[in-house]
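K.L.:
Structure here, sequence nowhere to be found:
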(Lines give C-alpha, C1' and ligand atoms only; values in the text may rest on other atoms or scores of the structure.)
Protein backbone atom coordinates (compact mmCIF):
# COMPACT_ATOMS: atom_id res chain seq x y z
CA UNK A 1 0.00 0.00 0.00
CA UNK A 2 1.10 3.57 -0.69
CA UNK A 3 1.05 4.63 2.95
CA UNK A 4 3.37 1.77 3.93
CA UNK A 5 6.02 2.24 1.24
CA UNK A 6 7.87 4.85 -0.76
CA UNK A 7 5.85 7.22 -2.93
CA UNK A 8 6.52 7.03 -6.67
CA UNK A 9 6.56 10.20 -8.75
CA UNK A 10 6.92 10.96 -12.46
CA UNK A 11 9.78 13.25 -13.44
CA UNK A 12 10.05 12.67 -17.19
CA UNK A 13 7.86 11.76 -20.17
CA UNK A 14 8.52 10.70 -23.77
CA UNK A 15 6.04 9.85 -26.49
CA UNK A 16 6.02 8.89 -30.18
CA UNK A 17 2.55 8.34 -31.66
CA UNK A 18 0.67 8.41 -34.96
CA UNK A 19 -0.43 11.97 -34.09
CA UNK A 20 2.97 13.36 -33.04
CA UNK A 21 6.61 12.44 -32.61
CA UNK A 22 7.04 13.94 -29.14
CA UNK A 23 4.95 14.72 -26.08
CA UNK A 24 4.08 18.30 -27.02
CA UNK A 25 2.97 17.54 -30.58
CA UNK A 26 1.05 14.40 -29.62
CA UNK A 27 -0.77 16.20 -26.82
CA UNK A 28 -1.66 19.14 -29.06
CA UNK A 29 -3.20 16.72 -31.56
CA UNK A 30 -5.16 14.90 -28.85
CA UNK A 31 -6.48 18.16 -27.44
CA UNK A 32 -7.56 19.31 -30.89
CA UNK A 33 -9.10 16.00 -31.86
CA UNK A 34 -6.72 15.30 -34.74
CA UNK A 35 -6.45 11.65 -35.73
CA UNK A 36 -3.64 9.71 -37.35
CA UNK A 37 -5.44 7.01 -39.34
CA UNK A 38 -4.88 6.52 -43.06
CA UNK A 39 -4.18 3.92 -45.74
CA UNK A 40 -1.43 1.40 -44.96
CA UNK A 41 1.77 2.50 -46.70
CA UNK A 42 4.26 0.14 -45.01
CA UNK A 43 3.35 -2.71 -47.36
CA UNK A 44 0.68 -3.61 -49.92
CA UNK A 45 -2.39 -4.43 -47.83
CA UNK A 46 -4.67 -4.75 -50.85
CA UNK A 47 -5.57 -8.35 -50.04
CA UNK A 48 -6.75 -7.57 -46.52
CA UNK A 49 -10.29 -6.72 -45.44
CA UNK A 50 -8.70 -3.89 -43.42
CA UNK A 51 -6.36 -1.67 -45.43
CA UNK A 52 -6.00 1.25 -43.02
CA UNK A 53 -3.90 1.83 -39.90
CA UNK A 54 -2.44 4.56 -37.69
CA UNK A 55 1.20 4.63 -38.83
CA UNK A 56 3.99 6.82 -37.52
CA UNK A 57 4.62 9.67 -39.91
CA UNK A 58 8.10 11.05 -40.47
CA UNK A 59 9.67 9.15 -37.59
CA UNK A 60 13.44 9.70 -37.60
CA UNK A 61 15.52 8.45 -34.70
CA UNK A 62 18.18 11.11 -35.33
CA UNK A 63 15.73 13.76 -34.08
CA UNK A 64 16.10 12.26 -30.61
CA UNK A 65 19.54 10.62 -30.71
CA UNK A 66 21.42 12.87 -33.13
CA UNK A 67 24.51 11.22 -34.62
CA UNK A 68 24.09 8.20 -32.33
CA UNK A 69 21.08 7.15 -34.40
CA UNK A 70 23.30 5.73 -37.15
CA UNK A 71 24.43 2.81 -34.97
CA UNK A 72 20.80 1.62 -34.75
CA UNK A 73 20.11 1.75 -38.48
CA UNK A 74 19.89 -2.03 -38.92
CA UNK A 75 17.67 -2.61 -35.89
CA UNK A 76 13.91 -3.04 -35.73
CA UNK A 77 11.32 -0.29 -35.48
CA UNK A 78 10.23 -1.28 -31.96
CA UNK A 79 13.77 -0.83 -30.64
CA UNK A 80 14.10 2.52 -32.41
CA UNK A 81 10.85 3.74 -30.88
CA UNK A 82 12.02 2.57 -27.43
CA UNK A 83 15.28 4.50 -27.75
CA UNK A 84 13.46 7.62 -28.95
CA UNK A 85 10.91 7.76 -26.13
CA UNK A 86 13.51 6.83 -23.51
CA UNK A 87 15.74 9.63 -24.74
CA UNK A 88 12.88 12.12 -24.59
CA UNK A 89 11.88 11.05 -21.09
CA UNK A 90 15.43 11.10 -19.72
CA UNK A 91 16.04 14.54 -21.21
CA UNK A 92 12.74 15.80 -19.77
CA UNK A 93 13.62 14.49 -16.30
CA UNK A 94 17.20 15.75 -16.08
CA UNK A 95 17.94 12.60 -14.11
CA UNK A 96 21.55 12.43 -15.32
CA UNK A 97 22.31 16.05 -14.56
CA UNK A 98 24.22 17.04 -11.43
CA UNK A 99 25.27 14.05 -9.32
CA UNK A 100 23.23 11.72 -11.53
CA UNK A 101 21.90 8.36 -10.42
CA UNK A 102 23.54 5.19 -9.11
CA UNK A 103 23.45 2.80 -12.13
CA UNK A 104 22.73 -0.17 -9.89
CA UNK A 105 19.59 1.63 -8.65
CA UNK A 106 18.37 2.52 -12.16
CA UNK A 107 16.17 -0.01 -13.96
CA UNK A 108 14.06 -0.56 -17.05
CA UNK A 109 10.61 -2.11 -17.36
CA UNK A 110 8.96 -2.19 -20.79
CA UNK A 111 5.75 -3.56 -22.14
CA UNK A 112 6.97 -4.43 -25.62
CA UNK A 113 5.74 -6.63 -28.39
CA UNK A 114 7.50 -9.05 -30.66
CA UNK A 115 9.70 -7.31 -33.21
CA UNK A 116 9.02 -7.32 -36.93
CA UNK A 117 10.14 -10.41 -38.78
CA UNK A 118 12.78 -9.96 -41.48
CA UNK A 119 9.80 -10.51 -43.77
CA UNK A 120 11.22 -10.29 -47.33
CA UNK A 121 14.18 -12.56 -46.60
CA UNK A 122 12.07 -14.90 -44.49
CA UNK A 123 9.50 -15.39 -47.26
CA UNK A 124 12.26 -15.80 -49.86
CA UNK A 125 13.86 -18.49 -47.69
CA UNK A 126 10.57 -20.35 -47.49
CA UNK A 127 10.22 -20.11 -51.28
CA UNK A 128 13.68 -21.56 -51.73
CA UNK A 129 12.90 -24.37 -49.28
CA UNK A 130 9.72 -25.57 -50.98
CA UNK A 131 9.64 -29.14 -52.19
CA UNK A 132 6.39 -30.15 -53.96
CA UNK A 133 4.41 -27.55 -52.01
CA UNK A 134 5.87 -28.31 -48.57
CA UNK A 135 8.76 -26.67 -46.74
CA UNK A 136 11.85 -28.85 -46.65
CA UNK A 137 13.10 -28.07 -43.12
CA UNK A 138 16.55 -29.47 -43.87
CA UNK A 139 16.96 -27.00 -46.74
CA UNK A 140 15.47 -24.20 -44.63
CA UNK A 141 17.92 -24.74 -41.77
CA UNK A 142 20.90 -25.17 -44.05
CA UNK A 143 20.27 -21.90 -45.90
CA UNK A 144 18.78 -19.85 -43.06
CA UNK A 145 22.01 -18.79 -41.32
CA UNK A 146 23.40 -17.34 -44.54
CA UNK A 147 20.23 -15.62 -45.70
CA UNK A 148 18.58 -14.15 -42.57
CA UNK A 149 19.78 -11.02 -40.79
CA UNK A 150 21.12 -11.85 -37.28
CA UNK A 151 20.22 -8.45 -35.84
CA UNK A 152 16.64 -8.54 -37.10
CA UNK A 153 16.27 -12.12 -35.88
CA UNK A 154 17.28 -11.04 -32.36
CA UNK A 155 14.87 -8.10 -32.60
CA UNK A 156 11.94 -10.52 -32.62
CA UNK A 157 12.46 -11.18 -28.91
CA UNK A 158 10.07 -8.90 -26.94
CA UNK A 159 12.78 -8.39 -24.30
CA UNK A 160 15.31 -6.96 -26.74
CA UNK A 161 14.20 -3.29 -26.54
CA UNK A 162 14.51 -3.27 -22.74
CA UNK A 163 18.07 -4.59 -23.05
CA UNK A 164 18.98 -1.93 -25.62
CA UNK A 165 17.50 0.86 -23.46
CA UNK A 166 19.41 -0.39 -20.41
CA UNK A 167 22.69 -0.41 -22.37
CA UNK A 168 22.06 3.03 -23.87
CA UNK A 169 21.50 4.66 -20.48
CA UNK A 170 23.69 2.54 -18.22
CA UNK A 171 20.73 1.12 -16.32
CA UNK A 172 22.34 -1.73 -14.38
CA UNK A 173 19.43 -2.28 -12.01
CA UNK A 174 16.25 -4.36 -12.50
CA UNK A 175 15.45 -5.10 -16.15
CA UNK A 176 12.10 -6.57 -17.15
CA UNK A 177 9.74 -6.79 -20.06
CA UNK A 178 6.18 -8.05 -20.30
CA UNK A 179 3.90 -8.87 -23.21
CA UNK A 180 0.46 -9.04 -21.68
CA UNK A 181 -1.14 -7.94 -24.93
CA UNK A 182 -2.89 -4.56 -24.79
CA UNK A 183 -2.30 -4.05 -21.07
CA UNK A 184 1.49 -4.43 -21.26
CA UNK A 185 2.56 -0.76 -21.24
CA UNK A 186 0.35 0.04 -18.26
CA UNK A 187 1.42 -3.11 -16.42
CA UNK A 188 5.08 -2.21 -16.95
CA UNK A 189 4.49 1.19 -15.34
CA UNK A 190 2.58 -0.33 -12.44
CA UNK A 191 5.16 -3.02 -11.72
CA UNK A 192 8.04 -0.57 -12.13
CA UNK A 193 6.37 1.59 -9.50
CA UNK A 194 6.23 -1.45 -7.22
CA UNK A 195 9.99 -1.97 -7.62
CA UNK A 196 10.56 1.58 -6.41
CA UNK A 197 8.04 1.24 -3.61
CA UNK A 198 9.71 -1.85 -2.17
CA UNK A 199 13.21 -0.37 -2.40
CA UNK A 200 14.55 -2.45 -5.30
CA UNK A 201 15.29 0.69 -7.37
CA UNK A 202 15.38 4.46 -7.03
CA UNK A 203 14.66 5.26 -10.69
CA UNK A 204 12.90 3.26 -13.40
CA UNK A 205 12.46 3.91 -17.11
CA UNK A 206 9.01 2.41 -17.66
CA UNK A 207 6.54 2.32 -20.51
CA UNK A 208 5.50 0.52 -23.66
CA UNK A 209 6.59 0.26 -27.30
CA UNK A 210 5.12 -1.71 -30.18
CA UNK A 211 4.50 -1.88 -33.91
CA UNK A 212 2.42 -4.60 -35.52
CA UNK A 213 1.80 -2.81 -38.81
CA UNK A 214 3.41 -5.48 -40.93
CA UNK A 215 1.98 -8.45 -42.90
CA UNK A 216 2.15 -10.98 -40.06
CA UNK A 217 0.89 -8.53 -37.45
CA UNK A 218 -2.17 -7.45 -39.39
CA UNK A 219 -2.99 -10.96 -40.63
CA UNK A 220 -3.83 -12.18 -37.15
CA UNK A 221 -6.26 -9.37 -36.42
CA UNK A 222 -7.83 -9.69 -39.88
CA UNK A 223 -8.46 -13.39 -39.19
CA UNK A 224 -10.07 -12.46 -35.87
CA UNK A 225 -12.26 -9.87 -37.67
CA UNK A 226 -11.32 -7.47 -34.88
CA UNK A 227 -10.41 -4.42 -37.00
CA UNK A 228 -12.56 -1.84 -38.71
CA UNK A 229 -13.15 -2.26 -42.45
CA UNK A 230 -14.14 1.37 -42.98
CA UNK A 231 -11.40 1.67 -45.60
CA UNK A 232 -13.10 4.44 -47.56
CA UNK A 233 -13.24 6.75 -44.53
CA UNK A 234 -10.11 6.12 -42.42
CA UNK A 235 -10.33 9.35 -40.42
CA UNK A 236 -13.70 8.22 -39.02
CA UNK A 237 -12.98 4.51 -38.68
CA UNK A 238 -11.99 4.46 -35.00
CA UNK A 239 -15.22 5.36 -33.20
CA UNK A 240 -15.29 4.09 -29.60
CA UNK A 241 -18.72 3.86 -27.95
CA UNK A 242 -20.48 4.77 -31.19
CA UNK A 243 -23.44 2.71 -32.38
CA UNK A 244 -21.78 2.17 -35.78
CA UNK A 245 -18.35 1.05 -34.54
CA UNK A 246 -17.06 -2.01 -36.37
CA UNK A 247 -13.63 -2.72 -34.88
CA UNK A 248 -10.38 -1.14 -33.79
CA UNK A 249 -7.65 0.54 -35.83
CA UNK A 250 -4.13 -0.84 -35.47
CA UNK A 251 -1.56 1.79 -34.48
CA UNK A 252 2.09 1.91 -33.46
CA UNK A 253 4.29 4.00 -31.20
CA UNK A 254 5.58 4.25 -27.68
CA UNK A 255 5.45 6.05 -24.37
CA UNK A 256 8.02 6.23 -21.57
CA UNK A 257 8.04 7.61 -18.05
CA UNK A 258 10.92 8.28 -15.70
CA UNK A 259 9.67 7.10 -12.32
CA UNK A 260 11.52 7.98 -9.12
CA UNK A 261 11.06 7.58 -5.43
CA UNK A 262 9.90 10.87 -3.97
CA UNK A 263 13.04 11.02 -1.81
CA UNK A 264 15.34 10.61 -4.81
CA UNK A 265 13.47 13.21 -6.86
CA UNK A 266 13.50 15.74 -4.03
CA UNK A 267 17.18 15.19 -3.30
CA UNK A 268 18.13 16.25 -6.81
CA UNK A 269 15.55 19.05 -7.06
CA UNK A 270 13.57 17.41 -9.85
CA UNK A 271 10.43 18.89 -11.37
CA UNK A 272 7.67 16.44 -10.51
CA UNK A 273 5.04 15.83 -13.22
CA UNK A 274 2.67 13.70 -11.16
CA UNK A 275 2.42 10.63 -8.98
CA UNK A 276 1.64 6.96 -9.60
CA UNK A 277 -0.79 6.63 -6.73
CA UNK A 278 -2.15 3.15 -7.38
CA UNK A 279 -2.08 0.20 -9.73
CA UNK A 280 -3.55 -3.25 -10.13
CA UNK A 281 -3.51 -6.09 -12.63
CA UNK A 282 -6.06 -8.91 -12.85
CA UNK A 283 -7.22 -11.62 -15.24
CA UNK A 284 -10.72 -12.37 -16.51
CA UNK A 285 -9.90 -16.11 -16.55
CA UNK A 286 -12.53 -16.37 -19.26
CA UNK A 287 -11.81 -16.41 -23.02
CA UNK A 288 -8.83 -15.49 -25.18
CA UNK A 289 -10.50 -12.82 -27.35
CA UNK A 290 -13.63 -11.78 -25.44
CA UNK A 291 -13.87 -9.90 -22.14
CA UNK A 292 -16.01 -11.40 -19.44
CA UNK A 293 -19.67 -10.51 -20.05
CA UNK A 294 -19.93 -8.59 -16.78
CA UNK A 295 -16.41 -7.15 -16.94
CA UNK A 296 -15.36 -9.27 -13.97
CA UNK A 297 -11.61 -8.70 -14.31
CA UNK A 298 -11.95 -5.05 -15.30
CA UNK A 299 -14.10 -4.29 -12.27
CA UNK A 300 -11.67 -5.90 -9.86
CA UNK A 301 -8.73 -4.14 -11.54
CA UNK A 302 -10.33 -0.72 -11.03
CA UNK A 303 -11.42 -1.44 -7.48
CA UNK A 304 -8.02 -2.79 -6.46
CA UNK A 305 -6.17 0.14 -8.03
CA UNK A 306 -8.34 2.61 -6.12
CA UNK A 307 -7.76 0.67 -2.91
CA UNK A 308 -4.03 0.68 -3.60
CA UNK A 309 -4.16 4.46 -3.97
CA UNK A 310 -6.24 4.86 -0.81
CA UNK A 311 -8.98 6.59 -2.81
CA UNK A 312 -12.74 6.24 -3.29
CA UNK A 313 -14.59 6.09 -6.62
CA UNK A 314 -15.81 9.65 -6.10
CA UNK A 315 -12.22 10.90 -6.04
CA UNK A 316 -11.72 10.08 -9.74
CA UNK A 317 -11.90 13.18 -11.95
CA UNK A 318 -11.24 11.57 -15.35
CA UNK A 319 -11.06 8.10 -16.86
CA UNK A 320 -8.98 7.34 -19.94
CA UNK A 321 -10.91 4.31 -21.13
CA UNK A 322 -9.51 1.29 -22.92
CA UNK A 323 -12.15 2.20 -25.50
CA UNK A 324 -11.04 0.14 -28.49
CA UNK A 325 -14.03 0.69 -30.82
CA UNK A 326 -14.98 -3.00 -30.84
CA UNK A 327 -18.54 -4.14 -30.19
CA UNK A 328 -17.71 -6.17 -27.09
CA UNK A 329 -15.10 -4.01 -25.37
CA UNK A 330 -16.94 -0.70 -25.32
CA UNK A 331 -20.25 -1.96 -23.96
CA UNK A 332 -18.60 -4.22 -21.38
CA UNK A 333 -16.17 -1.51 -20.26
CA UNK A 334 -19.18 0.78 -19.76
CA UNK A 335 -20.82 -1.90 -17.63
CA UNK A 336 -17.60 -2.40 -15.67
CA UNK A 337 -17.18 1.33 -15.00
CA UNK A 338 -20.69 1.47 -13.57
CA UNK A 339 -19.97 -1.46 -11.27
CA UNK A 340 -16.57 -0.16 -10.16
CA UNK A 341 -17.45 3.51 -9.72
CA UNK A 342 -21.13 3.23 -8.78
CA UNK A 343 -23.21 6.39 -9.21
CA UNK A 344 -20.04 8.40 -9.83
CA UNK A 345 -19.63 6.67 -13.21
CA UNK A 346 -22.39 8.87 -14.61
CA UNK A 347 -20.70 12.07 -13.43
CA UNK A 348 -17.04 11.57 -14.36
CA UNK A 349 -15.80 12.38 -17.89
CA UNK A 350 -14.52 9.31 -19.75
CA UNK A 351 -12.76 9.40 -23.11
CA UNK A 352 -10.87 7.14 -25.49
CA UNK A 353 -7.78 8.62 -27.11
CA UNK A 354 -7.67 5.50 -29.30
CA UNK A 355 -10.26 7.30 -31.38
CA UNK A 356 -7.30 9.39 -32.61
CA UNK A 357 -4.16 7.27 -32.16
CA UNK A 358 -5.64 3.90 -32.99
CA UNK A 359 -4.73 0.96 -30.78
CA UNK A 360 -1.00 0.88 -30.01
CA UNK A 361 -1.28 -2.61 -28.48
CA UNK A 362 1.58 -3.04 -25.94
CA UNK A 363 2.34 0.70 -26.10
CA UNK A 364 -1.24 1.85 -25.59
CA UNK A 365 -1.34 1.91 -21.79
CA UNK A 366 1.89 3.92 -21.54
CA UNK A 367 0.77 6.58 -24.03
CA UNK A 368 -2.60 6.83 -22.30
CA UNK A 369 -0.98 7.20 -18.87
CA UNK A 370 0.92 10.19 -20.26
CA UNK A 371 -2.35 11.61 -21.61
CA UNK A 372 -3.73 11.37 -18.07
CA UNK A 373 -0.73 13.20 -16.61
CA UNK A 374 -1.13 15.96 -19.20
CA UNK A 375 -4.85 16.22 -18.48
CA UNK A 376 -3.94 16.73 -14.82
CA UNK A 377 -1.30 19.32 -15.73
CA UNK A 378 -3.46 21.38 -18.07
CA UNK A 379 -6.96 20.83 -16.71
CA UNK A 380 -8.13 19.58 -20.12
CA UNK A 381 -9.81 16.27 -20.90
CA UNK A 382 -9.11 14.97 -24.44
CA UNK A 383 -12.16 14.01 -26.51
CA UNK A 384 -13.55 10.85 -28.01
CA UNK A 385 -13.77 11.79 -31.67
CA UNK A 386 -16.20 10.22 -34.17
CA UNK A 387 -18.76 9.62 -31.43
CA UNK A 388 -21.77 10.66 -33.51
CA UNK A 389 -24.44 8.19 -32.42
CA UNK A 390 -23.82 6.83 -28.92
CA UNK A 391 -24.66 3.16 -28.47
CA UNK A 392 -27.57 2.69 -26.08
CA UNK A 393 -25.31 0.36 -24.05
CA UNK A 394 -22.65 3.09 -23.84
CA UNK A 395 -24.39 5.82 -21.91
CA UNK A 396 -21.66 7.55 -19.90
CA UNK A 397 -20.10 10.98 -20.50
CA UNK A 398 -17.61 10.14 -23.23
CA UNK A 399 -16.58 13.75 -24.04
CA UNK A 400 -17.65 13.55 -27.69
CA UNK A 401 -15.86 15.45 -30.48
CA UNK A 402 -14.13 18.25 -28.55
CA UNK A 403 -11.77 18.53 -25.57
CA UNK A 404 -13.21 19.92 -22.36
CA UNK A 405 -11.75 22.19 -19.70
CA UNK A 406 -12.02 20.22 -16.48
CA UNK A 407 -9.97 20.21 -13.28
CA UNK A 408 -8.33 16.81 -12.93
CA UNK A 409 -6.55 15.89 -9.71
CA UNK A 410 -6.97 12.12 -10.03
CA UNK A 411 -7.08 10.19 -13.31
CA UNK A 412 -7.77 6.52 -13.92
CA UNK A 413 -6.28 4.79 -16.97
CA UNK A 414 -7.66 1.41 -18.08
CA UNK A 415 -5.87 -1.10 -20.30
CA UNK A 416 -7.52 -4.43 -21.07
CA UNK A 417 -5.84 -7.00 -23.31
CA UNK A 418 -6.55 -10.13 -25.33
CA UNK A 419 -6.37 -13.11 -23.04
CA UNK A 420 -8.33 -11.29 -20.35
CA UNK A 421 -5.42 -9.20 -19.04
CA UNK A 422 -6.49 -6.07 -17.14
CA UNK A 423 -4.42 -3.22 -15.71
CA UNK A 424 -5.59 0.00 -14.10
CA UNK A 425 -3.34 2.90 -13.16
CA UNK A 426 -4.27 5.75 -10.83
CA UNK A 427 -2.34 8.92 -11.62
CA UNK A 428 -2.56 11.85 -9.21
CA UNK A 429 -1.52 15.48 -9.09
CA UNK A 430 1.58 15.82 -6.92
CA UNK A 431 0.85 18.02 -3.92
CA UNK A 432 3.95 17.45 -1.77
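P.N.:
In hand now; what should we look at? Nothing here was measured: the structure is a model prediction, and the numbers come from that model.
K.L.:
elements contacting the longest helix along the chain?
P.N.:
Assignment by DSSP state H gives helix 77-93 as the longest helix of the chain. Secondary-structure packing of helix 77-93 (3 or more CB pairs under 8 Å, 6 or more residues apart in numbering; DSSP states H and E): strand 8-16, helix 62-65, strand 106-112, helix 160-169, strand 203-211, strand 252-261. C-beta: built from backbone N, CA, C; applies to glycine.
K.L.:
And that helix, what's buried?
P.N.:
77-90, 92-93 (16 or more other CB atoms under 10 Å).
K.L.:
helices and strands of the protein: which one bottoms out on pLDDT?
P.N.:
Ranked by mean pLDDT, DSSP states H and E, the weakest helix or strand in the chain is helix 150-154, scoring a mean of 82.
K.L.:
what separates it from the chain centre, distance-wise?
P.N.:
Centre-to-centre, helix 150-154 and its host chain are 24 Å apart (CA atoms, centre = their mean, to the nearest Å).
K.L.:
Ok, stretch 398-411 next?
P.N.:
20 Å.
K.L.:
and it, which residues are buried?
P.N.:
So for stretch 398-411, counting by 16+ other CB under 10 Å, buried means 398-400, 403-404, 408, 410-411.
K.L.:
For that stretch, the averaged confidence score.
P.N.:
Average pLDDT, stretch 398-411: 98.
K.L.:
same deal with stretch 231-241?
P.N.:
Stretch 231-241 comes out with an average pLDDT of 98.
K.L.:
Just the buried residues of it, please?
P.N.:
In stretch 231-241, counting by 16+ other CB under 10 Å, buried: 234, 236-241.
K.L.:
Same list (those) but as JSON lines, adding secondary structure and distance to residue 347.
P.N.:
Below are the buried residues of stretch 231-241 laid out as JSON lines (DSSP: H, G, I helix; E, B strand; the rest coil; distance: CB to CB, whole Å):
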{"residue": "234", "secondary structure": "helix", "distance to residue 347": "34"}
{"residue": "236", "secondary structure": "helix", "distance to residue 347": "29"}
{"residue": "237", "secondary structure": "coil", "distance to residue 347": "30"}
{"residue": "238", "secondary structure": "coil", "distance to residue 347": "26"}
{"residue": "239", "secondary structure": "coil", "distance to residue 347": "24"}
{"residue": "240", "secondary structure": "coil", "distance to residue 347": "20"}
{"residue": "241", "secondary structure": "coil", "distance to residue 347": "17"}
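K.L.:
Of these, just say which sits nearest to residue 265.
P.N.:
Here the nearest of the buried residues of stretch 231-241 to residue 265, counting by CB to CB, is residue 240; it sits at 34.9 Å.
K.L.:
tell me the contacts of that closest one?
P.N.:
Applying CB atoms under 8 Å, 6 or more residues apart in numbering, one finds that residue 240 lies in contact with 321, 323-325, 330, 352, 354-355, 384, 386-387, 398.
K.L.:
Could you rerun that using 10 Å?
P.N.:
Shown in contact with residue 240 (CB atoms under 10 Å, 6 or more residues apart in numbering): 248, 321-326, 329-330, 333, 350-355, 384-387, 391, 394, 398.
K.L.:
And for residue 258?
P.N.:
9-14, 86, 88-95, 101, 106, 203-207, 265, 270, 273.
K.L.:
are any of the residues you listed buried, and which?
P.N.:
9-14, 86, 88-90, 92-93, 95, 101, 106, 203-207, 265, 270, 273.
K.L.:
what separates the helix or strand harbouring residue 331 from the chain centre, distance-wise?
P.N.:
Secondary structure assignment for residue 331, by DSSP states H and E: helix 327-341. In terms of CA atoms, centre = their mean, the centre of helix 327-341 is found 20 Å from the chain centre.
K.L.:
quick one: low-confidence parts of the stretch 151-300 of the chain?
P.N.:
Low-confidence regions of the stretch 151-300 of the chain, defined here as pLDDT under 70, do not occur.
K.L.:
how about 80 then?
P.N.:
Applying pLDDT under 80 to the stretch 151-300 of the chain flags the ranges 287-290.
K.L.:
Give me the domain ranges for this protein.
P.N.:
Using automatic domain parsing, the domains assigned to the chain come out as 9-116+155-428, 119-145.
K.L.:
Out of the ones you listed, indicate the one that is most buried.
P.N.:
domain 9-116+155-428 (a mean of 22; mean count of other CB atoms under 10 Å).
K.L.:
Tell me who's in contact with residue 380.
P.N.:
27, 30-31, 318, 374, 403-408.
K.L.:
Quick check: chain neighbours aside, which residue is closest to it?
P.N.:
residue 403 (5.3 Å; CB to CB, 6 or more residues apart in numbering).
K.L.:
now do residue 6
P.N.:
residue 261 (4.6 Å).
K.L.:
Identify the bridge partners of that neighbour.
P.N.:
As for beta bridges, residue 261 partners with residue 8 under DSSP bridges.
K.L.:
Okay, it and residue 64: tell me how far apart.
P.N.:
26 Å (CB to CB, to the nearest Å).
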